[in-house]
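Undergrad: build me a structure from this.
(4 chains)
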Number of protein chains: 2
Amino acid sequence: MLFSTKAEYGVRLMVELGRQPGSVPVSLSAVAEAERLPLSYLEHLVAKLRKAGLVTSTRGAHGGYRLAKPAEQITMDAVVEALEGQIAPMECFHETPEGKVLCSHESDGDRACATKLLWTRVQGGVTKALAGTTLAELVEFADPEARSEPAAVGSAA
Amino acid sequence: MLFSTKAEYGVRLMVELGRQPGSVPVSLSAVAEAERLPLSYLEHLVAKLRKAGLVTSTRGAHGGYRLAKPAEQITMDAVVEALEGQIAPMECFHETPEGKVLCSHESDGDRACATKLLWTRVQGGVTKALAGTTLAELVEFADPEARSEPAAVGSAA
DNA sequence: TCCATAACCGACTGCTTCAGTAGGATTTAA
DNA sequence: TTAAATCCTACTGAAGCAGTCGGTTATGGA
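TA: Residues are numbered from 1 along each chain as shown, chains lettered A, B, ... in the order given. So this is what the prediction gives:
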């Protein structure tokens, strides 16, 4: 598996926030119920998103979370990276701040690192997919009719 | 990390076999020494490659492994999948034999799975990178001068 | 006929991460 | 004052990773 449930849950959480009109904070327990995910685990994930500056929080009663900027301006590479850590195909792969790809095996003898070409391509494919997808797209995809009322979740059961 | 060292070591192993002219089997210990990787760990990896039909083995003295087909015909999606298992971005993602992508959250309520669009794109990016790279390319990349002599392996020690 | 070489196989181990739980502290609206 | 919410740290069982180890089988050559 390329990613763990951290990315899965975290993205769903972001989508849930993105579905909200705007200035209304959404409580984590509402998200947990809507997506049927464990609240206490979501707490860990949302902390990462907050530290990455992707969501803001309001404490106390009627508090909750909301997006730190419009969903159109949030790309999924930032979200996934906040949740999973730096996205590299391989342990030996590091990206410098200038975006240059380094491989620790580089000087591993007398010839170029055999796998660098492959991992560079994979890295490129993933990065392109993530950076080319905005949160707004996912919100739209999940909820094409753009109805503003939340899904009637608690009613059944 | 997207992939573990299984993919890394396994691909290097394949490249090492690909560097050989053709019909000469290469022993695992030679590969281990050339790439400075633990022999007994490589045994596990090469077993996966053999079961996937990517390499063939010759037992006994002067035995070893060689590619099951020309390096030009080996694409890296097969190699990585043999080593790491099915390549899906997420636990809930399954690919049917016909190549259709399924998501277990699909009927997870009243709306489409929010993350499917994203993971489909990521999956596509990775698959394209892996399937679009042949072993021959990596061999050429690692060894641009195409010298046919193997790296002086056993001579030391 | 030995013997060195090599593939083959399964069991075991220390370590880290994952996925989640638990318990509390702090903040804030009503 | 209190209920609702964020925030924080510590803990836990399970699984996978990265090997190691010991032994079995096959084979070419002396």
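Undergrad: please make it C-alpha for all contacts and neighbour counts, starting now.
TA: OK.
Undergrad: what parts of chain A come near DNA strand C?
TA: Within reach of DNA strand C by CA under 7 Å from any atom of the strand, chain A has these residues: A:4-6, A:38-41, A:58-62, A:84.
Undergrad: mind listing which of those residues are in strands?
TA: Cross-referencing the residues of chain A next to DNA strand C against strands under DSSP state E gives residue A:58.
Undergrad: for chain A, which helix or strand comes out least confident on mean pLDDT?
TA: Between all helices and strands in chain A, the lowest mean by mean pLDDT, DSSP states H and E belongs to strand A:101-103, at a mean of 75.
Undergrad: how far off centre is it?
TA: Centre-to-centre, strand A:101-103 and its host chain are 24 Å apart (CA atoms, centre = their mean, to the nearest Å).
Undergrad: how about stretch A:38-51?
TA: Here the centre of stretch A:38-51 is set off from its chain's centre by 12 Å, with CA atoms, centre = their mean.
Undergrad: equivalent analysis for stretch A:55-69, please.
TA: Distance of stretch A:55-69 from the chain centroid (CA atoms, centre = their mean) equals 17 Å.
Undergrad: report the buried residues of it.
TA: Judged by neighbour count using 16 or more other CA atoms under 10 Å in any protein chain shown, the buried positions of stretch A:55-69 are A:55, A:56, A:57, A:64, A:65, A:66, A:67.
Undergrad: show me what contacts the third one?
TA: Spelled out, it's residue A:57. The contact partners of residue A:57, taken as CA atoms under 8 Å, 6 or more residues apart in numbering or on different chains, are A:25, A:50, A:63, A:64, A:65, A:66.
Undergrad: what helix or strand is the second one located in?
TA: When you say that, I think you mean residue A:50. helix A:39-51 (DSSP states H and E).
Undergrad: let me see the ranges of the helices in chain A.
TA: Using DSSP state H, the helices of chain A run over A:5-18, A:28-35, A:39-51, A:76-84, A:116-131, A:135-142.
Undergrad: turn the ones you listed into JSON lines, including mean pLDDT.
TA: Listed next are the helices of chain A as JSON lines, based on pLDDT from 0 to 100:
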{"stretch": "helix A:5-18", "mean pLDDT": "97"}
{"stretch": "helix A:28-35", "mean pLDDT": "97"}
{"stretch": "helix A:39-51", "mean pLDDT": "98"}
{"stretch": "helix A:76-84", "mean pLDDT": "98"}
{"stretch": "helix A:116-131", "mean pLDDT": "96"}
{"stretch": "helix A:135-142", "mean pLDDT": "95"}
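Undergrad: residue B:17 is nearest to which of those?
TA: For these, the distance to residue B:17 is smallest for helix A:116-131, at 16.8 Å, taking CA to CA.
Undergrad: what are the contacting residues of the closest one?
TA: With CA under 8 Å, 6+ apart as the criterion, helix A:116-131 contacts A:75-78, A:87-90, A:101, A:103, B:118, B:121-126, B:128-130, B:133, B:138, B:141.
Undergrad: in it, what counts as buried?
TA: Buried, per 16+ other CA under 10 Å, within helix A:116-131: A:116, A:118-127, A:129-130.
Undergrad: noted, bye for now.
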